[in-house]
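>>> Give me coordinates for this.
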Amino acid sequence: VQLVESGGRLVQAGGSLRLSCLVSGLALNSFGIGWLRQVPGKEREFVAAIGYFDRSTYYTDSVKDRFAISRDHGTVFLQMNNLKPEDTAVYYCAADPYHRDRGGREVDSIDVYEYWGQGTQVTVSS
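Okay, here's the model as predicted:
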């Protein structure tokens, strides 16, 4: 099982970025793939998720009107628009193998994600 993130970089406030997560080694149809982020000294937090079998999407309130998660075959994307300095974090993609079994519930819980990528740094300057 491998998840590899890319696309993080330094961007000015108001700008856009698209993160990619290449997923391999999973029987994806039952999975949910999430994007989570972490700032040093704080807990990792949920950002967005997508169910692979029905493309259902989920967002935390702070990004709902600015970020969009999507998938294309084995890659999951996070399109981030109107970025703010508070979006600065390491962004991780992670796989939840029981997403379909739980009907998409608990997607915002860190504990449901069993496979993780190495993370990609997003820095938004003011």
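>>> in the protein, which spans are strands?
Taking DSSP state E as the test, the strands found in the chain are 2-6, 10-12, 17-24, 32-38, 45-51, 57-59, 67-72, 75-80, 89-96, 115-116, 120-125.
>>> And for the residue nearest to Gln2 when sequence neighbours are not counted, the neighbour number?
In this structure, Gln2 finds its nearest non-sequential neighbour in Ser24, 4.9 Å apart by C-beta to C-beta, 6 or more residues apart in numbering. For glycine as for every other residue, the C-beta is placed from the backbone atoms N, C-alpha and C. Neighbours of Ser24 under the rule other C-beta atoms under 10 Å: 11.
>>> unless I'm mixing things up, Ser24 is touching Gly74, no?
Yes: counting by C-beta atoms under 8 Å, Ser24 touches Gly74, with 6.2 Å between them.
>>> and the residue nearest to Gln2, what is it in contact with?
Ser24 is in contact with Val1, Gln2, Leu3, Gly74, counting by C-beta atoms under 8 Å, 6 or more residues apart in numbering.
>>> Just to check, the third one is in contact with Tyr113?
No: under the criterion of C-beta under 8 Å, Leu3 lies out of contact with Tyr113, with a separation of 9.9 Å.
>>> what residues do the two have in common as contacts?
With C-beta under 8 Å, 6+ apart, Leu3 and Tyr113 have common neighbours Ala94, Ala95.
>>> so where is this protein shaky, pLDDT-wise?
Residues of the chain meeting the criterion pLDDT under 70: none.
>>> ok, the closest residue to Leu17 other than its chain neighbours - contacts?
With sequence-adjacent residues excluded and distances taken as C-beta to C-beta, 6+ apart, Leu17 is closest to Met80, at 4.9 Å. Under the criterion of C-beta under 8 Å, 6+ apart, the contact list for Met80 reads Ser16, Leu17, Arg18, Leu19, Val63, Arg66, Phe67, Asp87, Val122.
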